[in-house]
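S.K.: Sequence and predicted structure, then a few things I'm wondering about:
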Amino acid sequence: MTDDRLSRRALLGSGVAAGTFLLAGCSGGGSTTPTGQSTFPGGAVGSGSPTTDDGNTNGEELDTEHPSVVVGQRILRDSVGVLVEGAARYQQLGGRGAAPSGREYLVVVLSVKNLGDDDLEMEDLTDFRLTSGDVTRERLDLVSQTGSQFTDGLLVPGETIRGFVAFEVAAGSQGWSFHFDVDADETEVERVTVDLAAEPQQPESVFRQSYRVPVNDVGESASAADLTVTVTDVRTADSVGNASAGGDREFVLPTVRVDNAKDRTAYLGLTGQTLLTGGRGTPQALDLGAQQQLEGSFPLNPNVPSGEHVEGEIPYVVDAGASPLYFAFDFTSNGAEQKSIWQLR
């Protein structure tokens with residue numbers, strides 16, 4: 001991918017970390033999630049499970065190329081680990097509003113871990129879909145949703161990403177199976193099928209971050225594609241301008257500087273190249289409302305001329321005291337297949 005205006009537009013449309021992770025109007029009780037808070041659909045599934053991610057998948061033999069499992073049953077194959085944690089139905093979905101009459105949203109919560117020694121491209125996970133009999137439903141485009149992660153970008157060795165995939169289905173429809181293809185050369189897995197209608201099982205363990213690449217500290221720099229990125233500082237706050245993090249929540253604000261040593265302008269995207277995750281790879285909410293009120297914020301879509309730099313704070317909303325927290329900057333759209341990681345806590 002080259003560093004030009006076309007690739008910049010594609011990056012900003014990818015939704016890798018855009019907006020906030022919202023699901024409003026749960027079909028069970030019609031509840032809503034306030035803007036700026038992060039809610040994981042189906043979050044109760046797998047809660048309280050063990051904290052390690054080693055070992056085999058419940059000791060069962062699975063088809064190597066086309067494994068079929070149930071919710072809560074992990075797949076560990078060569079360079080990739082997969083776990084569908086749960087599925088839930090919603091009448092409303094943040095970024096799309098209410099479902100059409102007679103329809104509802106079926107949301108699948110998914111964790112993927114890079115078990116290999118090379119970067120895993122998220123584009124290698126393709127064709128997410130649901131099937132029930134001869135009916136097939138394709139994933140919805142949710143570029144405004146942090147957590148709808150499985151689009152572009154890289155997973156570095158040992159990295160986990162936990163997100164969701166959403167579909168529109170007939171209200172009350174049953175018998176759905178969730179499928180996706182794996183195109184990575186490093187694994188024998190070709191297609192994964194998860195029976196959403198079968199009895200789920202409690203996972204023996206869940207995936208967690210265990211980076212096998214250098215992890216930078218605050219104050220350190222990483223360089224690629226003639227860009228140098230430095231996380232110069234990090235602070236916390238209860239509020240930013242008129243934006244409040246809310247009870248048991250806080251803002252974590254890393255200060256990020258990008259120096260451009262290219263011989264041309266560098267095009268960056270705050271919501272496409274930066275990401276804050278916790279120990280399980282869950283994306284933390286980037287509060288764009290706070291970003292607009294924050295004096296000295298990192299610009300949303302900065303154009304950085306040759307020889308110049310851009311610097312500013314990025315406001316994320318997290319559970320108070322949450323640790324560990326990892327900040328990532330993805331250089332892919334600027335011409336380097338590299339993602340660099342900083343540990344903020």
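M.R.: Perfect, thanks for sending it.

S.K.: how about residue 272, secondary structure?
M.R.: Here residue 272 takes the helix state, with states given by DSSP: H, G, I helix; E, B strand; the rest coil.

S.K.: Quick check, it in contact with residue 331.
M.R.: No - the criterion here is CB atoms under 8 Å, and residue 272 misses it with residue 331 at 11.5 Å. Yep, even glycine has a C-beta here, placed from its N, CA and C like the rest.

S.K.: more crowded one of these two?
M.R.: residue 272 (25 against 22; other CB atoms under 10 Å).

S.K.: Which pLDDT value belongs to the more buried one?
M.R.: On pLDDT, residue 272 comes in at 82.

S.K.: Just give me the neighbour total for the nearest residue to residue 315 once chain neighbours are set aside.
M.R.: Closest residue to residue 315 apart from its sequence neighbours, by CB to CB, 6 or more residues apart in numbering: residue 290 at 4.1 Å. Here the number of neighbours of residue 290 (other CB under 10 Å) works out to 26.

S.K.: Quick one: classify residue 290 as helix, strand or coil.
M.R.: Under three-state DSSP, the three-state class of residue 290 is helix.

S.K.: separation between it and residue 130?
M.R.: 35 Å (CB to CB, to the nearest Å).

S.K.: all strands in the stretch 151-300 of the chain, in order from the N-terminus.
M.R.: Secondary structure of the stretch 151-300 of the chain, counting by DSSP state E, counting those that start in this stretch: strands at 154-155, 160-170, 177-182, 191-195, 215-217, 221-224, 227-237, 239-240, 243-244, 249-260, 266-267, 274-277, 285-286.

S.K.: can you redo those strands as CSV with distance to residue 205?
M.R.: Output for the strands of the stretch 151-300 of the chain, formatted as CSV (distance: least, CB to CB, whole Å):
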stretch, distance to residue 205
strand 154-155, 19
strand 160-170, 12
strand 177-182, 21
strand 191-195, 17
strand 215-217, 22
strand 221-224, 31
strand 227-237, 30
strand 239-240, 37
strand 243-244, 36
strand 249-260, 27
strand 266-267, 41
strand 274-277, 18
strand 285-286, 26
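
S.K.: Just say which of the ones you listed is most tucked in.
M.R.: Most buried of the strands of the stretch 151-300 of the chain by mean neighbour count (mean count of other CB atoms under 10 Å) is strand 285-286; its value is a mean of 25.

S.K.: Please name every helix or strand in contact with it.
M.R.: Contacts defined by 3 or more CB pairs under 8 Å, 6 or more residues apart in numbering; DSSP states H and E place strand 285-286 against strand 316-319.

S.K.: what's the strand it packs on in contact with?
M.R.: 20, 36-38, 245-246, 248-254, 276, 278, 284-287, 290, 325 (CB atoms under 8 Å, 6 or more residues apart in numbering).

S.K.: Name the nearest residue to residue 239, ignoring sequence neighbours.
M.R.: Excluding the flanking residues, the one nearest residue 239 by CB to CB, 6+ apart is residue 245, at 6.5 Å.

S.K.: Surely the one you found is in contact with residue 253?
M.R.: No - applying CB under 8 Å as the test, residue 245 and residue 253 come out as separate, 10.8 Å apart.

S.K.: tell me, what's touching these two both at once?
M.R.: residue 237.

S.K.: picking up where we left off before, who wins for proximity to residue 86 among the strands of the stretch 151-300 of the chain?
M.R.: Relative to residue 86, the nearest member of those by CB to CB is strand 160-170, separated by 9.5 Å.

S.K.: CA atoms of that closest one as CSV?
M.R.: What follows is strand 160-170, C-alpha atoms only, in CSV (Å, rounded to 0.1, in the frame of the first residue of the first chain):
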residue,chain,number,x,y,z
THR,A,160,-4.7,-10.6,20.3
ILE,A,161,-7.6,-8.6,18.9
ARG,A,162,-11.1,-9.0,20.4
GLY,A,163,-14.0,-7.5,18.4
PHE,A,164,-17.4,-8.3,16.9
VAL,A,165,-19.0,-9.0,13.5
ALA,A,166,-22.6,-8.0,13.0
PHE,A,167,-25.3,-9.3,10.6
GLU,A,168,-28.9,-8.4,9.9
VAL,A,169,-31.3,-11.4,10.1
ALA,A,170,-35.0,-12.2,10.2
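
S.K.: Tell me the strands beside that strand, with direction?
M.R.: Note on strand 160-170: by DSSP bridges, its sheet partners are strand 103-114 (antiparallel).
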